[in-house]
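[1] I need the structure of the sequence given here:
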Amino acid sequence: MQTGFSTGLECDILKRGADTVALVEYQRKRHFDKTPEPEAKLSRQTGWSYVIQKHDASHLHYDFRLELDGVLKSWAVPKGPSLDPSIKRLAMQVEDHPVGYGGFEGIIPEGEYGGGTVMLWDTGSWEPIGDPHEGYRQGKLKFQLHGEKLTGGWTLIRTNLGESGKSPQWLLIKEKDQQAKPASKGDILVQSPLSVVSGRDLAEIANVRERVWSSNSKSTTKSERKSANRTSTTPSENKAGGKRSQPASAGKTKSSRKKVIAKPTANEIDIRADYDSASETLAGVRLTHPDKLLYPEENITKLQLASYYRGIAQWILPHIKHRPLVLVRCPDGFGKESFYQKHPGIGTPDTFRQIPIRESNKTENYVLIDDVDGLISLAQISALEVHAWGSQEDKLERPDRLIFDLDPSPEVTWPRVIESAREVRKFLQDLGLESFVKTTGGKGLHLVVPIERRHDWDEAKAFCKAVADAIVGVAPQQYTSNMSKAARTNKIFLDYLRNGRGATAIVPFSPRARPGAPVSMPLAWDELSPEIHSNHFTIRNAIARLSTVANDPWKELTAVRQSLSTPIKTLKKLGVLS
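    Modelled structure (predicted):
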């Protein structure tokens, strides 16, 4: 029985080629004048996207989808995935879906096929083990997941269960690896129940009668949102009298719009900027669930984090623009499950720019942030840390910043950390290099060394290792360049490993996913003192500090012109660099 797909349309699809027949069943079941789901369209670009959509239809289940041959192969998993390898979850194969469906979160109207609420529970990519086509045909598909929630090895096995003519039944099984976890240690479905895109639960998505995300062209584009919602781009422009245009709900009267305005207290983040709850935007950028607690013990919400990112824009952007970024995301807030996001997945905000970068055996995209919009979107996806490469996109293979990370063991006092930082600075100065210091927001200090872009990553890393080894050789009781915990007792680990290709370091002014919501803060060298520990500055007091600083302590960083050529020759003469 056909339900919404006419014979004429079916013929039209069939004319486009036999490879699109896989989507005929998908299209046949849906009325696209009533549902916001994307229409059948075969992807002409090969990809390996992966998505799980939590689907509250007639029965709650999880739709598991893997991109293969231009479509999403799909299975309905009634009980959802389990990280316990001993638990085999039934996965009933359903019709193939278009790749564009992997970006859908929202409402399928009642009475339509699959009517109910759809949440993007997890997104990412998958990597087949062996030939995926042969594995699929044979009924044993083994693969690695690179999702935001699910990672590691998995297997789909087709069973002989089920009646003839019915949908094939498979089993979804977690492999025994480092990502596996026994059920006795918790259920990931319970521990991470929210959308990786909107941060909402099913009830909140159901209460918003609109599609909250789609890769379909009906979605608002970044340029449309900017032109419709805002004119200013930095905090300084606002202060100078730049006028902000009305947000996306400008068609509504002022009285029909509900504002969320918090009253700042001493050392609080200033969040007096308008948040428009009708359009769910801050400064014209989408920000859902503004009251969600991202630092529960500090009572810091998503809106406050967004306001922090917005407030430090003129300070942080010079340190992240044009640099590939890696994010630490905590979808359910600090203290719960977190993950490093190295590569953008489905649902990545369009306020982020993406560039392809060649890795060891493949090319992957990385994200870049160019403006305030991108900073606000960091809060939208619950990114509590921002880490950056030491090189810029136009010369990725030539670093322009080196990082020496002074990481003390618990026994080391803070005054000793300060003294060590000064000693490392002096050693670098003797080599002809100036350095700049910042707190990490963790336990130690970072020394940042700007350099001219003449040397490749291997040369830069070898130089940094030689510096660390030379300092350890002079004071082995004080320092170690060995990262093993056993070698670090009562010592400061001189971490030079952040200077390899693809390695990253926490950027200045970035928050940390740590107790107290600390931030990494640049300092003048004469500001180092026992009173200012590495976690002294936080989301709550950082902007107040910046408003009282007469001059940027790092204002000279970009003006420094220094090369590694002479320092490398000096270390070679000393015999610490071959």
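[2] so where's the stretch 151-300 of the chain uncertain?
    The model of the stretch 151-300 of the chain has pLDDT under 70 over residues 162-166, 208-273.
[3] let's go with 50 and repeat that
    Of all residues in the stretch 151-300 of the chain, those with pLDDT under 50 make up the ranges 209-270, 272.
[4] which residues in it form strands?
    With DSSP state E, counting those that start in this stretch as the definition, the stretch 151-300 of the chain shows strands at residue ranges 151-158, 169-174, 275-276, 281-282, 285-286, 293-295, 300-301.
[5] nearest to residue 418, of those?
    Set against residue 418 and scored by C-beta to C-beta, these come closest in strand 293-295, at 27.3 Å. Glycine gets a C-beta too; all of them are placed from N, C-alpha and C.
[6] Which of the residues in the longest strand seen in the chain are classified as buried?
    Criterion DSSP state E: the longest strand present in the chain is strand 116-128. Taking 16 or more other C-beta atoms under 10 Å as the basis for neighbour counts, the residues of strand 116-128 that come out buried are 116, 117, 118, 119, 120, 121, 122, 123, 124, 125, 126, 128.
[7] can you put the strands of the stretch 151-300 of the chain in a markdown table and add distance to residue 89 and mean neighbour count?
    Shown next, in a markdown table, are those (distance: least, C-beta to C-beta, whole Å; neighbours: other C-beta atoms under 10 Å):
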| stretch | distance to residue 89 | mean neighbour count |
| --- | --- | --- |
| strand 151-158 | 10 | 19 |
| strand 169-174 | 5 | 21 |
| strand 275-276 | 40 | 22 |
| strand 281-282 | 39 | 24 |
| strand 285-286 | 33 | 24 |
| strand 293-295 | 31 | 22 |
| strand 300-301 | 35 | 23 |
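[8] could I get these as a markdown table with distance to residue 428?
    Compiled in a markdown table, these are given as follows (distance: least, C-beta to C-beta, whole Å):
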| stretch | distance to residue 428 |
| --- | --- |
| strand 151-158 | 39 |
| strand 169-174 | 48 |
| strand 275-276 | 45 |
| strand 281-282 | 41 |
| strand 285-286 | 40 |
| strand 293-295 | 35 |
| strand 300-301 | 36 |
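[9] Residues touching stretch 495-508, excluding its own?
    With contacts defined as C-beta atoms under 8 Å, 6 or more residues apart in numbering, stretch 495-508 is touched by 315-316, 319-320, 325-326, 359, 385-390, 397, 399, 402-407, 438, 440-441, 446, 457, 460-461, 464-465, 467-468, 481, 483, 512, 520-522, 554.
[10] whoops, I mixed them up, stretch 566-578
    Applying C-beta under 8 Å, 6+ apart, the contact partners of stretch 566-578 are 431, 432, 433, 455, 459, 462, 463, 466, 467, 469, 470, 473.
[11] Give me the phi and psi for the fourth one.
    Going back to what we said before, that points to residue 455. Backbone dihedrals for residue 455, given as degrees, to the nearest 10, come out at phi -110, psi 150.
[12] Excluding chain neighbours, give the residue nearest to it in space.
    Among residues not flanking residue 455 along the chain, residue 564 sits closest, at 5.2 Å (C-beta to C-beta, 6 or more residues apart in numbering).
[13] For that neighbour, which residues are in contact?
    Counting by C-beta under 8 Å, 6+ apart, residue 564 touches 451, 452, 454, 455, 459, 460, 463.
[14] which one among the residues you listed gets closest to residue 105?
    Taking C-beta to C-beta as the measure, residue 105 lies nearest residue 460 of the contacts of residue 564, at 42.3 Å.
[15] surely that closest one meets residue 397?
    No: with contact defined as C-beta atoms under 8 Å, residue 460 does not count as touching residue 397 (10.2 Å).
[16] The two: who's more crowded?
    The residue with the greater number of neighbours, taking residue 460 and residue 397 and applying other C-beta atoms under 10 Å, is residue 460; the counts read 26 against 11.
[17] Just the buried residues of the host helix or strand of that one, please?
    Assessed by DSSP states H and E, residue 460 sits inside helix 457-474. Using 16+ other C-beta under 10 Å as the burial criterion, the residues of helix 457-474 that qualify are 457, 459-472.
[18] repeat for stretch 128-141
    128, 132, 135, 136, 141.
[19] Turn those into CSV, including pLDDT, distance to residue 295 and secondary structure.
    Compiled in CSV, those are given as follows (pLDDT from 0 to 100; distance: C-beta to C-beta, whole Å; DSSP: H, G, I helix; E, B strand; the rest coil):
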residue, pLDDT, distance to residue 295, secondary structure
128, 90, 39, strand
132, 90, 41, helix
135, 92, 44, helix
136, 90, 44, helix
141, 95, 40, strand
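[20] of all those, which two lie farthest apart?
    Longest distance between any two of those is 9.1 Å, between 128 and 136; criterion C-beta to C-beta.
[21] Using the three-state scheme, assign the closest residue in space to residue 79 that isn't next to it in sequence.
    With C-beta to C-beta, 6+ apart as the measure, residue 89 is the residue that lies nearest to residue 79, at 5.5 Å, once sequence neighbours are left out. The assignment at residue 89 comes out as strand when based on DSSP: H, G, I helix; E, B strand; the rest coil.
[22] isn't residue 198 right up against residue 207?
    No: between residue 198 and residue 207 there is no contact, the gap being 11.9 Å when judged by C-beta under 8 Å.
[23] Of the two, give the one with the bigger neighbour count.
    Summary of the neighbour comparison: residue 198 and residue 207, criterion other C-beta under 10 Å, with residue 198 having more neighbours (23 against 10).
[24] roughly how far apart are the more buried one and residue 106?
    Here the criterion is C-beta to C-beta, to the nearest Å. By it, residue 198 lies 10 Å from residue 106.
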